[in-house]
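> Sequence and predicted structure below; questions after.
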Amino acid sequence: MRLFSAALSTAVAAGLLAGCAGNSTGSNSSLPNPVAGVQGHGVGAAGFRGIPVSTVPQKFLRRHHAMFGKAATPADLRGIYVSAFGAGNMWGFPKNNSGNGPATCTVSPTTSVNNFGVDNSGNLMVPNAFDGVSVYSNSSMCGTFLGTITDPYGQASDASAVDAVNGNIAVGNIFDNSGGPGSLSVCSLSSGTCSANLTNPAIFEMGGVAMGSNGDCWADGINSSDVAVLVWYQGCAGSGVVATGFTNGFYGGVDIDNKGNLVTTSLFGQSFSLPSQVVVYSGCNPACTMISSTTLSGENIFGHVGKQNARFVTPDLETGGVEVYAYKSTGLTLMYSFTGGIPCISDECEGAAYSPSSKK
């Protein structure tokens, strides 16, 4: 299987997506377990799509390190997860890492992870390219492995759920398995697979996905002319409706805050020469009303709101720092950034999220 990627910026190739399929069982660990030989995957120019550039080795030894004899406390499951496309693991950090401390735990191995999701209670969903979506419990940060969902429809790059253990999970596929237009798959841990695959002719390349507490789903992407679009899937079903009033310059992460507003990250502003933005909308079902637009300090594509609706976290593709912003629907303010000793420059950290997530 060839590796596909999307060109994300002129300065940093952020590497969307993926790898070759392999059987997996998943694991978590307190020690790093990097995957050797993961090669470059991005293209340093805007507007390129689906460029085959490499392959990803898939023979990984899966080890399971479960927690024994310790009941989870609220502090155990609170923190910040960070993913890196070229690394063999994800990292868990304290929820306040202004002192630039190291990771406290890892989830490994992981393969070609772009964005990922954390549900309302702290369960973690990790799309492993063609290796399925692995789900980890909220027993702690980097909690117990619960199972892997097979995604038969495409190159998984994002996941969102209100309750990942007992409910549906929306999985975003940047492309389908043949390199065709992306889609949103409706999956569940209980079935171990996806029951539906939702497409819309307006989306050629899928970016981020979000699922609301009312069961609706949203997905952003670009059309065949590289114009950003947002699609609303009522009840997470059907062919969806293209939202009006969506002004993002490119695709990126989609999240939902505690008030039901869509918190979107746009890799570019209104043109490829403008910096990344977080744009907050109300509605988008299908008419969007913009609440605020904040220019970010770096190059950012994915980010998430924390449980208390007070913080937003996103990696900077250019500097390799993980940026933490004070979040209000009316705008964001940079508080601090950290690196934690992880290889964000070489392995391209794209995704970050709080555990638990905002109450969608």
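Arrived safely. A quick note: this is a predicted structure, and the numbers were derived from the prediction, not measured.
> center of this protein - which residue?
Asn115 (1.9 Å; CA atoms, centre = their mean).
> How about the contacts made by Gly306?
Going by CB atoms under 8 Å, 6 or more residues apart in numbering, Gly306 touches 95, 312-313, 327, 354, 357-358. Any C-beta I mention is one placed from the backbone N, CA and C, and that applies to glycine too.
> Check it and give its pLDDT.
Here, the pLDDT recorded for Gly306 equals 95.
> quick one: low-confidence ranges for this structure?
1-76, 271 (pLDDT under 70).
> where does Ser266 sit relative to Asn123, distance-wise?
Note on Ser266: its distance to Asn123, by CB to CB, to the nearest Å, is 27 Å.
> just Phe93 next, same as before
Taken as CB to CB, the span from Phe93 to Asn123 is 18 Å.
> TSV for the contacts of Gly306, including neighbour count and distance to Thr339?
Shown next, in TSV, are these (neighbours: other CB atoms under 10 Å; distance: CB to CB, whole Å):
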residue	neighbour count	distance to Thr339
Lys95	18	17
Phe312	31	18
Val313	26	13
Tyr327	26	21
Tyr354	25	18
Ser357	25	23
Ser358	25	25
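> What ranges does the stretch 251-360 of the chain have for its strands?
For the stretch 251-360 of the chain, applying DSSP state E, counting those that start in this stretch gives strands covering 254-256, 262-266, 277-283, 288-295, 304-305, 311-315, 322-328, 331-338, 349-355.
> Parallel or antiparallel, which strands does the shortest one pair with?
When you say that, I think you mean strand 304-305. As defined by DSSP bridges, the strand partners of strand 304-305 come to strand 311-315 (antiparallel).
> And the fourth one, by the same measure?
Sheet pairing of strand 288-295 (DSSP bridges) gives strand 277-283 (antiparallel).
> just to revisit the earlier point, doesn't the residue nearest to the centre of the chain fall inside a helix?
No - Asn115: not assigned to a helix; according to DSSP: H, G, I helix; E, B strand; the rest coil it is coil.
> quick one, what contacts Ser276?
Contacts of Ser276 (CB under 8 Å, 6+ apart): 252, 265-269, 295-296, 298-301.
> Repeat the analysis, applying 10 Å as the threshold.
9, 249-250, 252, 265-269, 294-301, 303, 314, 316-318 (CB atoms under 10 Å, 6 or more residues apart in numbering).
> List only buried entries from those.
9, 249-250, 252, 265-269, 294, 296-301, 303, 314, 316-318 (16 or more other CB atoms under 10 Å).
> Identify those among those residues that sit within helices.
Per DSSP state H, helices hold no members of these.
> ok, back up a step: could I get the strands of the stretch 251-360 of the chain as a markdown table with distance to Thr111?
Below are those laid out as a markdown table (distance: least, CB to CB, whole Å):
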| stretch | distance to Thr111 |
| --- | --- |
| strand 254-256 | 23 |
| strand 262-266 | 23 |
| strand 277-283 | 28 |
| strand 288-295 | 32 |
| strand 304-305 | 21 |
| strand 311-315 | 18 |
| strand 322-328 | 21 |
| strand 331-338 | 25 |
| strand 349-355 | 14 |
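> Just name the most buried of the ones you listed.
Neighbour counts (mean count of other CB atoms under 10 Å) averaged over each of the strands of the stretch 251-360 of the chain peak at strand 304-305, with a mean of 30.
> got a list of contacts for that one?
For strand 304-305, contacts defined as CB under 10 Å, 6+ apart pick out 80-81, 115-118, 160, 208, 210, 253-258, 261, 263, 265, 278, 280, 311-314, 325, 327, 329, 332, 351-355, 357-360.
> change it to 7 Å
Contact with strand 304-305 is made by 253, 255, 257, 263, 312-313, 327, 352-354, 357-358, as judged by CB atoms under 7 Å, 6 or more residues apart in numbering.
> quick one: contacts for Gly180?
Contacts of Gly180 (CB under 7 Å, 6+ apart): none.
> do Asp347 as well
For Asp347, the contacting residues are 84-87, by CB under 7 Å, 6+ apart.
> give me that answer again for 8 Å
If a contact means CB under 8 Å, 6+ apart, then Asp347 has 38, 84-87 as its contacts.
> Filter these down to the ones in strands?
If you go by DSSP state E, the contacts of Asp347 have Ala84 in strands.
> For the contacts of Asp347, name the two members farthest from one another.
Spatially, the most separated pair among the contacts of Asp347 is Val38 and Ala84, at 9.6 Å (CB to CB).
> In TSV, list the contacts of Gly306 along with distance to Val229.
Putting the contacts of Gly306 into TSV (distance: CB to CB, whole Å) gives the following:
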residue	distance to Val229
Lys95	34
Phe312	23
Val313	25
Tyr327	25
Tyr354	27
Ser357	24
Ser358	24
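> now, among these, which is nearest to Ser346?
Closest to Ser346, out of all of these and judged by CB to CB, is Val313, at 20.7 Å.
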